[in-house]
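Enquirer: got a sequence here, can you build the structure:
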Amino acid sequence: MHIFHIFVFIISILLFVNALPPEPLKPYTISLKKKPISKSHRLHYISKLSNNTDIKRAATVPLNDEFHHDVAYFGEITLGEQKFNVMIDTGFGDVLIPSINCTSTGCENKAKYNPANDKSFKTKDKPFGYDYSGGYVYGIRSTASLNIGGYTPGYNLGQNFGLVNVFPESLEFDEFDGILGLASSNEFVEHETNFHENIFFDYGSSNSSNAIFSLKIGREADYTESELIICGIDKNKYIGELVSTKIFDAVYFSIRLDGFSVNGGVDWDIDQRDLMDVEQRNHSFQQVCSGMIIGGITASDNDWILGSTFLKNVYSVYAYYDHEIRFAKLNDSKF
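Expert: Below you'll find the model as predicted:
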């Protein structure tokens, strides 16, 4: 279930960094735009200056809508000088790139990494394996210089990743090549600095109140604009005050829900177009509420996942070191 968790309440912080010495974090405003051209539109991270943020550096990273239903997205990274499209997975803490030696069905039709063509590559000679996306991943732990949007976390030390020799068959026809996990820790591999940690360590931001990102998600049916701001918020995108709720899991930004109110009885409207349209006959749901919110992606017995169906209707802010998530009503659903 991991690869579908791009816009869920299990959220991690995505920060773009450069190789400069640590300095106070500056916000990056990144507009996610859909091209109004049928179902094959793309989402774009567009560098943009905002009156509500102090931006000195910005990154432009195109994100593609993999399933064309505001569910999952992938963008481009480079390892050395080799380019890959990677699925952005906020409920996963590893980086997976298919190896040139990968011959499994899941690696077909994908760009493959050739270590011989990357001077930054180092192997750890440490095999790994675990379940992912209903299949099995196997490979060798490695490091290389990873660049996303012009920023290279880890710089001299490189980025830890899994060089994959076996990929799940379920990924065969997906448009992306690998996986970029944004969870704040890697539950599958111990004693490694993951992508999320690399970014924060580079900035020396472990005590920074600016360690946040804010999100305004557009709706495909309206061709409304989506925007992600790193280390800042855009006050033009919401009305009223941000309402905060504490998280109980700092790794995944999990919050406790009491009914459908968010820790304090604040109600949020959900556009009826974002709900599932399911006939009562010929269907059976054991977790109807979970399905109606996420749209077909199930959670565990004790967890619900509030995905883009909910998030398209609110302005949301995720504060890692303050251990809270903040919501506000959107200024205009057509914004």
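
Enquirer: any stretches of the stretch 101-250 of the chain with poor pLDDT?
Expert: 149-150, 154-156, 199-211, 225-232, 250 (pLDDT under 70).

Enquirer: how are the helices of it distributed by residue range?
Expert: 195-203 (DSSP state H, counting those that start in this stretch).

Enquirer: just the strands in it please.
Expert: Using DSSP state E, counting those that start in this stretch, the strands of the stretch 101-250 of the chain run over 122-132, 135-144, 146-147, 159-166, 178-181, 212-216, 226-230, 238-249.

Enquirer: check these for me and report the most buried one.
Expert: Scoring the strands of the stretch 101-250 of the chain by mean neighbour count under mean count of other Cβ atoms under 10 Å gives strand 178-181 as the most buried, with a mean of 27. For the C-beta atoms, the positions are set from N, CA and C on the backbone; glycine is no exception.

Enquirer: quick one: strands adjacent to that one?
Expert: Applying DSSP bridges, strand 178-181 is found paired with strand 82-89 (parallel), strand 95-98 (antiparallel).

Enquirer: CA atoms only: put it into CSV for me.
Expert: Extracted C-alpha coordinates of strand 178-181, given in CSV (Å, rounded to 0.1, in the frame of the first residue of the first chain):
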residue,chain,number,x,y,z
GLY,A,178,12.1,4.0,-8.7
ILE,A,179,10.9,5.2,-5.3
LEU,A,180,11.8,8.3,-3.3
GLY,A,181,10.6,7.8,0.3
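
Enquirer: identify the residues contacting it?
Expert: 3, 12, 75, 77, 84-98, 110, 132, 148, 164, 194-196 (Cβ atoms under 8 Å, 6 or more residues apart in numbering).

Enquirer: and the strands paired with strand 178-181, which one's lowest on average pLDDT?
Expert: The weakest mean pLDDT among those belongs to strand 82-89, with a mean of 87.

Enquirer: for that one, buried residues please.
Expert: Applying a neighbour-count criterion of 16 or more other Cβ atoms under 10 Å, one finds 82, 84-89 buried in strand 82-89.

Enquirer: so it versus strand 122-132, what angle?
Expert: 40 degrees (axes from the mean of the first three to the mean of the last three Cα atoms, to 10 degrees).

Enquirer: angle of strand 82-89 against strand 135-144?
Expert: Going by the same axes, to 10 degrees, strand 82-89 makes 130 degrees with strand 135-144.

Enquirer: Asn160 and Thr143 touch, don't they?
Expert: Yes - applying Cβ atoms under 8 Å as the test, Asn160 and Thr143 come out as touching, 5.5 Å apart.

Enquirer: the spatially closest residue to Lys124 that is not a sequence neighbour pairs with what?
Expert: Residue nearest to Lys124 in three dimensions, not counting chain neighbours: Arg141, with 4.2 Å by Cβ to Cβ, 6 or more residues apart in numbering. Legend: beta-bridge partners of Arg141 under DSSP bridges are Lys126, Gly162.
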